[in-house]
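1. next one to model:
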Amino acid sequence: MDHCCSQKRQDLQSLALHSAQRRVLVALLVINLAMFLLEFGAGVVARSSALKADAVDMLGDGIVYGLSLWAVNRGPRWEAGAALVKGLLILLLFMFIVVELIGKLVNGVPPSSTLMLVFGAMALVANLTCLALLWRFRVLNINMKSTFECSRNDVAANLGVLVAACGVALTGRGWPDIVVGAAIGLLFLRSALRMIAEAWPAWRAARTG
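-> Prediction:
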């Protein structure tokens with residue numbers, strides 16, 4: 001009887017945890033898609049590669065959170081598969097940023113530092129909120145671990161946008177925007193390679209297990 005009650009309690013705790021994960025991931029999905037629309041629009045108006053790169057990251061994260069939401073409670077193989085897809089998606093975002101930066105180098109115009117500061121600060125607040133919501137799940141499993149890493153990278157990217165805005169305001173030139181955009185791209189590349197390297201063996205092990 002004690003064993004039965006103990007098992008039932010563990011099952012209920014597990015279900016409650018999955019429910020909590022879903023609520024958090026839905027909130028993150030909404031926050032990131034809303035911020036993508038705002039920040040990318042601001043990046044186009046401000047002519048800022050850093051803002052657009054950060055906005056595309058928001059879109060990528062929205063898709064990442066959707067994948068994470070889909071993988072919750074589906075087992076280790078699905079969780080590892082979702083993490084693998086996230087890594088490949090982030091790699092594609094890195095390629096987009098490279099193309100954007102090449103275009104900026106060829107036809108660059110100094111961006112609006114004011115818009116960069118305003119929308120960069122908004123994005124930072126949004127991502128700090130996401131990071132706080134994810135904190136309790138950060139090492140729960142490979143799916144949530146990769147999701148937390150995405151949000152942590154976002155905070156670093158947001159700070160980079162604010163630094164770039166200050167650099168543009170002080171110099172009147174566009175190179176700080178390009179440098180930070182390139183740094184965000186490299187952050188994506190590093191994160192994608194690490195995520196793929198961790199998720200691929202886990203997915204193969206779950207498939208053969």
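
2. next structured bit after the helix or strand of the chain with the lowest mean pLDDT?
-> Least confident helix or strand, the chain: helix 2-46 with a mean of 70, by mean pLDDT, DSSP states H and E. Next helix or strand after helix 2-46 toward the C-terminus (DSSP states H and E): helix 49-71.

3. okay, the residue lying closest to residue 31 once chain neighbours are set aside: pLDDT?
-> Nearest residue to residue 31, sequence neighbours excluded (CB to CB, 6 or more residues apart in numbering): residue 126, at 5.3 Å. Where you see a C-beta, it was placed from the backbone N, CA and C, and this is true even at glycine. Per-residue pLDDT puts residue 126 at 90.

4. got the CA coordinates for the helix or strand hosting residue 126 in CSV?
-> In the assignment (DSSP H and E), residue 126 maps to helix 113-134. This file holds the C-alpha atoms of helix 113-134, laid out as CSV (Å, rounded to 0.1, in the frame of the first residue of the first chain):
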residue,chain,number,x,y,z
SER,A,113,21.1,54.6,-32.1
THR,A,114,17.9,55.8,-30.4
LEU,A,115,15.7,53.1,-31.9
MET,A,116,18.4,50.6,-31.1
LEU,A,117,18.5,51.6,-27.4
VAL,A,118,14.7,51.7,-27.0
PHE,A,119,13.9,48.3,-28.7
GLY,A,120,17.1,46.7,-27.4
ALA,A,121,16.1,47.5,-23.9
MET,A,122,12.6,46.2,-24.5
ALA,A,123,14.0,42.9,-25.8
LEU,A,124,16.3,42.7,-22.8
VAL,A,125,13.4,43.0,-20.4
ALA,A,126,11.5,40.3,-22.4
ASN,A,127,14.4,37.9,-22.3
LEU,A,128,15.2,38.4,-18.7
THR,A,129,11.5,37.5,-18.0
CYS,A,130,11.9,34.4,-20.1
LEU,A,131,15.1,33.4,-18.3
ALA,A,132,13.4,33.9,-14.9
LEU,A,133,10.4,31.7,-16.0
LEU,A,134,12.8,29.0,-17.2
